[in-house]
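**Q** how does the following fold in three dimensions:
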Amino acid sequence: MTDDRSPRAPLFTTTIVDELRNMIYSGELAPGTRLNEAALATRMGTSRGPIREAIRMLAGKGLVTPVAHRGMFVRQISMRDMLESYDLRALLFSFAARRATEFLTPERLPVLEQLHADMEQACRDNESGRYYELNLRFHALILEYSNNRHAAQVYEAQTNELHLFRRRFFNYANKMQRSNEEHRAILDAIVAGDGARAAELAEQHVLAGKQRLLDSVDDIDFK
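**A** Reported below is the predicted structural model:
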């Protein structure tokens, strides 16, 4: 019998980064897992060079970390790290929401409105995975629209770190609607030009997300 399956086409480094990141976010590559370049290269139908470069890029994003004489591992973070990261994100998101109000343009508003509508549809369809990704995009856009690249970069680093924790413990399915109502309130304040209110709501939103996660964790280790 003839095997009609053709070899998988070589992947670009950016595509490999996306695949590895998704494997980490989904938990397929769990925190503490050693990244085997040879095995990953075989799986993705490429050489070890692009895999090594992709891992290096993920290390720059805080998702993997080197261990001397042992290799590269998916990063592990403690509950204390997670809580401190949430507090920093609350401040950054508050700052960004205030600034996004100042820099809102007729071109930017429809993008935010569409994202909110897409999240609302994900809520109705109970698609927690899709909601999670759209939620990330909404937050990233608020940071982008703050017109402060340094704030956006720091926020992204904190968000990447939290993926390692949230995907292990957090079931968003029954919390999506409340989260998106908070998004709506932030967006309404931005549209109204009320930067102070947008900042307040943005900070409360991130801290509410922190509490939703804590409510989902049974055994807390504060090391």
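**Q** buried sites along the lengthiest helix in the chain?
**A** In terms of residue count, the longest helix belonging to the chain (DSSP state H) is helix 79-102. Neighbour counts over helix 79-102 (16 or more other Cβ atoms under 10 Å) mark 79, 81-82, 85-86, 89-90, 92-101 as buried. Backbone N, C-alpha and C define where each C-beta goes, glycine included.
**Q** could you give the angle of the lowest-mean-pLDDT helix or strand in the chain to helix 79-102?
**A** Of all helical and strand segments in the chain, the minimum by mean pLDDT, DSSP states H and E falls on helix 149-169, at a mean of 80. Helix 149-169 runs at 140 degrees relative to helix 79-102, counting by axes from the mean of the first three to the mean of the last three Cα atoms, to 10 degrees.
**Q** using CSV, write out every CA atom in helix 149-169.
**A** In CSV, the C-alpha atoms belonging to helix 149-169 read as follows (Å, rounded to 0.1, in the frame of the first residue of the first chain):
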residue,chain,number,x,y,z
ARG,A,149,6.4,50.9,23.8
HIS,A,150,8.2,50.3,27.1
ALA,A,151,5.0,49.8,29.0
ALA,A,152,3.8,47.4,26.4
GLN,A,153,7.0,45.4,26.5
VAL,A,154,7.0,45.1,30.3
TYR,A,155,3.3,44.1,30.3
GLU,A,156,3.9,41.4,27.7
ALA,A,157,6.7,40.0,29.8
GLN,A,158,4.4,39.8,32.8
THR,A,159,1.6,38.3,30.8
ASN,A,160,3.9,35.6,29.4
GLU,A,161,5.0,34.7,32.9
LEU,A,162,1.4,34.4,34.0
HIS,A,163,0.5,32.0,31.2
LEU,A,164,2.6,29.4,33.0
PHE,A,165,0.4,29.6,36.0
ARG,A,166,-3.1,30.5,34.6
ARG,A,167,-3.2,27.6,32.2
ARG,A,168,-2.5,25.1,34.9
PHE,A,169,-5.1,26.3,37.5
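**Q** alright, that wraps it up for me.
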